[in-house]
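In: Predicted model follows, preceded by the sequence.
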2 protein chains.
Amino acid sequence: MDIAILGYGTVGRGVGDIVERKTPQIRVKRILELPDRLTDPRMTSNFDDIAGDPSIDLVVECMGGIEPAHTFICRALAAGKHVVTSNKAVVAAHFDEFVQLAAEHDVSLYIEASVGGGIPWIASIAKARRTDTISSFMGIMNGTTNYIIDSMCKLGVDFGEALHEAQEMGYAERDPSADIDGIDVANKTIITASVSFDCACTRSLPVTGIRNITKADMDFFAEQGRVVKLIGRGVQEDGSYAVAVEPVALDAHTLEANVPSNFNLVTLVGDTVGELKFYGPGAGMLPTGNAIVQDILDCAEGQQRAYDFSKGCAYDPALLTNDYVLRASEAPGQGTPCGAGRWLLSGLTAVEARALYEGVLEKDPSAFIAALA
Amino acid sequence: MDIAILGYGTVGRGVGDIVERKTPQIRVKRILELPDRLTDPRMTSNFDDIAGDPSIDLVVECMGGIEPAHTFICRALAAGKHVVTSNKAVVAAHFDEFVQLAAEHDVSLYIEASVGGGIPWIASIAKARRTDTISSFMGIMNGTTNYIIDSMCKLGVDFGEALHEAQEMGYAERDPSADIDGIDVANKTIITASVSFDCACTRSLPVTGIRNITKADMDFFAEQGRVVKLIGRGVQEDGSYAVAVEPVALDAHTLEANVPSNFNLVTLVGDTVGELKFYGPGAGMLPTGNAIVQDILDCAEGQQRAYDFSKGCAYDPALLTNDYVLRASEAPGQGTPCGAGRWLLSGLTAVEARALYEGVLEKDPSAFIAALA
């Protein structure tokens, strides 16, 4: 099968490397790159060379960002080419549009690499969905923030130092906002919810990151036998669902609490299979490249991916309700004190907790909140 | 697709239940049962009614044990029917024969449910093998022994009491030998090694169970920040491999050390995908039934399973070398004392450790040994 790769950065090169060494049945025919980076005879900066080439069956998008990735994915699908992408931002933003276009042109959209790096997560959900209703999912979906939290725990350093170290190690971007503010996890949560619950998940979900977490916060929860992790999760019940991204203080003996370094751990609960957990490298050239190549091979073997988001699903915040611990310089006007400058807030939905936290942040920009679960 | 089920015990009924509720495209046409248990018009006690029915495409074997399961699987394959089985004992004993028969008759053998219950383990190995060389695997593959060890840790009870509770809960058999002596894990290790390393794995592997573990052993390792688990594992290097089943004292912060109750956790390491871990219910009517139904659906979708064990692979014990801690009433004649009645034995292969342990058991039938990893 002849394929084209859009973008030849870390992920694109990983795909090229694995295909060349491991899968003789796949050939990289064209590579889309910027005009000043055409270092290989297969490279072009003109997308028409790919969209207009009928011998290319599949397009791998590893450019990242929304545009021009969105336009190229739409054009590839409309040209009757299967699309494989690792780009969670563009899938979260345009999943419904891609799914409809793919159905109209009788091709498939493969998104394994968009969530959980090398973990076979999207394929496992699709497989479970053949027999099971998925009642909930949750997990550590961002390696950068897990690395930061793990360093804070193990080395006893504060957030700034752990972030700096993650940047030095290449685990965090120069601008870390997408990771530490939960945006990356929100995109992955939207994609996971859509695939798990068979509906185009809302983009208006409560999202709280770990920018404000301190060593004192970690110590406070450690005394209660808990470890804080940044968690994306979703639940579904009777045709309604809820999703959220927020720091969650978990029992120290859970598997999640013990996930080291920049690894991911994601969980689904199905009605016959029960609780399944999947752990692996959440990012990296070869793991993400591997997930893309697995999608390419699934396509080459004739395994289609058809999503149907037409049934609709109501967003019901009450489905995700927890107790929370808030640290703030002033009393929040509700809850009960549970330590110096900390309040226990009982039975809030994730939406209510986010609204309350946003109000608190206006007075205390360093405030921190975590769910207890 | 029309299928037949051999044996209608817990697992067989789980399959029937899931197929009826969830997969309208699959029909259970015949069920093989004992002559005095024919309570359903689809039931027969004559295997010829199944082997001779050309409308039956696939046979699900959930009888357990070696015979007559072995004979029926061979006859089904020879009759050109795909076979799905949850029977690890018969697969471990006759894997090579089944694979050759399936190839001769152009059908597939599906064995997902034979290892790890509802965990998509065999399919994930097969998927990883499309791109990766698997250098090692390891895991908690037996729910009964994990339940016993977890109870000993959490409730502070001794082995006998924990085993009794597991039997009361239905997690352990009246005769628990297959579980606590490591025989069940050995079968699963043989199957996993064969699939991971593409060779018919030896049945002569070192196997040590947890029959002799005491609360004092658990406490000894807990003081070192370790938890003992019964682990099956294998490594492969340059065309050679080694496998072993034995108690392993793991760092308390590993995911393995924190696996609760009767769950399983299995790990593979591939050269591009890195380390992947899979966690889920290791047994049970619906999880095991789910794994079988997933195999049936894979077959119905045309996903074949072709194994090739022809290349051969040398067994090299030196590939699995560890330090061990032995508890015995007499000094073993090697190693260094590391506590009352305990000796640290450095750099033994699993084969050497097993041989030494067998010698010690002749003098002290209650002796215990665990690898440090």
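Out: Great, that's in hand. These figures come from a predicted structure and were not determined experimentally.
In: burial of the nearest residue to residue A:130 once chain neighbours are set aside, as a residue count?
Out: Nearest residue to residue A:130, sequence neighbours excluded (C-beta to C-beta, 6 or more residues apart in numbering or on different chains): residue B:297, at 5.3 Å. To be clear about C-beta, it is placed using only N, CA and C from the backbone, and glycine gets the same treatment. The tally of other residues near residue B:297 (other C-beta atoms under 10 Å in any protein chain shown) stands at 19.
In: do residue A:241 as well
Out: 23.
In: Next: residue A:372.
Out: 17.
In: distance of the spatially closest residue to it that is not a sequence neighbour from residue A:158?
Out: The shortest distance from residue A:372 to any non-neighbouring residue, by C-beta to C-beta, 6+ apart, is to residue A:323 (4.6 Å). Between residue A:323 and residue A:158 the computed distance is 26 Å (C-beta to C-beta, to the nearest Å).
In: what's the answer for residue A:68, then?
Out: 40 Å.
In: With only the CA atoms kept, save stretch A:363-373 in PDB.
Out: This file holds the C-alpha atoms of stretch A:363-373, laid out as PDB (Å, rounded to 0.1, in the frame of the first residue of the first chain):
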ATOM      1  CA  LYS A 363      -8.900  36.800  44.500                       C
ATOM      2  CA  ASP A 364      -6.000  34.200  44.900                       C
ATOM      3  CA  PRO A 365      -4.400  33.400  41.600                       C
ATOM      4  CA  SER A 366      -2.300  30.700  43.300                       C
ATOM      5  CA  ALA A 367      -5.300  28.700  44.700                       C
ATOM      6  CA  PHE A 368      -5.400  25.000  44.100                       C
ATOM      7  CA  ILE A 369      -8.300  22.500  44.000                       C
ATOM      8  CA  ALA A 370      -8.400  18.700  43.700                       C
ATOM      9  CA  ALA A 371     -11.200  16.200  43.700                       C
ATOM     10  CA  LEU A 372     -11.100  13.300  46.200                       C
ATOM     11  CA  ALA A 373     -11.700   9.900  44.500                       C
END
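In: Look at the closest residue to residue A:231 other than its chain neighbours and give its secondary structure.
Out: Take residue A:231 and drop its neighbours on the chain: the residue closest to it by C-beta to C-beta, 6+ apart is residue A:248, 4.3 Å away. Under DSSP: H, G, I helix; E, B strand; the rest coil, residue A:248 falls in the strand class.
In: Skip ahead from the host helix or strand of residue A:91 and say which helix or strand is next.
Out: Using DSSP states H and E, the element containing residue A:91 is helix A:88-104. Per DSSP H and E, helix A:88-104 leads on to strand A:109-110 as the next helix or strand towards the C-terminus.
In: where's that following strand relative to the chain centroid, distance-wise?
Out: 16 Å (C-alpha atoms, centre = their mean, to the nearest Å).
In: touching chain B at all, it?
Out: No. Using C-beta under 8 Å from any C-beta of the partner chain, strand A:109-110 never reaches chain B; the gap is at least 13.6 Å.
In: Who are the packing partners of that strand?
Out: strand A:82-85, helix A:88-104, helix A:285-300 (3 or more C-beta pairs under 8 Å, 6 or more residues apart in numbering or on different chains; DSSP states H and E).
In: buried sites along the longest one?
Out: By neighbour count with 16 or more other C-beta atoms under 10 Å in any protein chain shown, helix A:88-104 contains the buried residues A:88-95, A:98-103.
In: same thing with stretch A:134-143?
Out: A:134, A:136-143.
In: could I get these as JSON lines with distance to chain B, secondary structure and pLDDT?
Out: Shown next, in JSON lines, are those (distance: C-beta to the nearest C-beta, whole Å; DSSP: H, G, I helix; E, B strand; the rest coil; pLDDT from 0 to 100):
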{"residue": "A:134", "distance to chain B": "13", "secondary structure": "strand", "pLDDT": "97"}
{"residue": "A:136", "distance to chain B": "15", "secondary structure": "strand", "pLDDT": "98"}
{"residue": "A:137", "distance to chain B": "14", "secondary structure": "strand", "pLDDT": "98"}
{"residue": "A:138", "distance to chain B": "13", "secondary structure": "strand", "pLDDT": "98"}
{"residue": "A:139", "distance to chain B": "12", "secondary structure": "strand", "pLDDT": "98"}
{"residue": "A:140", "distance to chain B": "12", "secondary structure": "strand", "pLDDT": "98"}
{"residue": "A:141", "distance to chain B": "15", "secondary structure": "coil", "pLDDT": "98"}
{"residue": "A:142", "distance to chain B": "17", "secondary structure": "coil", "pLDDT": "97"}
{"residue": "A:143", "distance to chain B": "12", "secondary structure": "helix", "pLDDT": "96"}
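In: For the stretch 151-300 of chain A, which segments count as strands?
Out: Using DSSP state E, counting those that start in this stretch, the strands of the stretch 151-300 of chain A run over A:226-237, A:240-251, A:263-270, A:274-281.
In: Including distance to residue B:231 and mean pLDDT, could these go into JSON lines?
Out: Output for those, formatted as JSON lines (distance: least, C-beta to C-beta, whole Å; pLDDT from 0 to 100):
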{"stretch": "strand A:226-237", "distance to residue B:231": "25", "mean pLDDT": "98"}
{"stretch": "strand A:240-251", "distance to residue B:231": "24", "mean pLDDT": "98"}
{"stretch": "strand A:263-270", "distance to residue B:231": "20", "mean pLDDT": "98"}
{"stretch": "strand A:274-281", "distance to residue B:231": "16", "mean pLDDT": "97"}
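In: Would you tell me which of these gets closest to residue B:239?
Out: Closest approach to residue B:239 among the strands of the stretch 151-300 of chain A (C-beta to C-beta): strand A:274-281, 26.5 Å.
In: does any part of the closest one sit near chain B?
Out: Yes. Under the criterion of C-beta under 8 Å from any C-beta, strand A:274-281 makes contact with chain B via A:274-281.
In: How about stretch A:15-30?
Out: Yes. On the criterion C-beta under 8 Å from any C-beta, stretch A:15-30 is in touch with chain B at A:18, A:22-23.
In: buried residues in the one helix or strand residue A:362 maps to?
Out: Assigned by DSSP H and E, residue A:362 falls within helix A:350-363. Using 16+ other C-beta under 10 Å as the test for burial, helix A:350-363 gives A:350-354, A:356-357, A:360-361.
In: hey, where'd the helices end up in the stretch 101-250 of chain A?
Out: Taking DSSP state H, counting those that start in this stretch as the test, the helices found in the stretch 101-250 of chain A are A:121-129, A:143-155, A:159-168, A:177-180, A:183-197, A:215-223.
In: any idea of the mean pLDDT for stretch A:158-173?
Out: Over the span of stretch A:158-173, the pLDDT mean works out to 93.
In: ok now the helix holding residue A:362, how far from the chain's centre?
Out: Counting by C-alpha atoms, centre = their mean, helix A:350-363 is centred 23 Å from the centre of its parent chain.
In: show me what contacts residue A:20?
Out: Going by C-beta atoms under 8 Å, 6 or more residues apart in numbering or on different chains, residue A:20 touches residue A:28.
In: From chain B, how far off is it?
Out: 12 Å (C-beta to the nearest C-beta, to the nearest Å).
In: Could you look up the SS state of that residue?
Out: helix.
In: State the distance from it to residue A:292.
Out: 14 Å.
In: ok, now residue A:202?
Out: Counting by C-beta to C-beta - residue A:202 and residue A:292 are separated by 27 Å.
In: Of those two, which one has the most company?
Out: Legend: neighbour count by other C-beta under 10 Å for residue A:202 and residue A:292, higher for residue A:292 (28 against 14).
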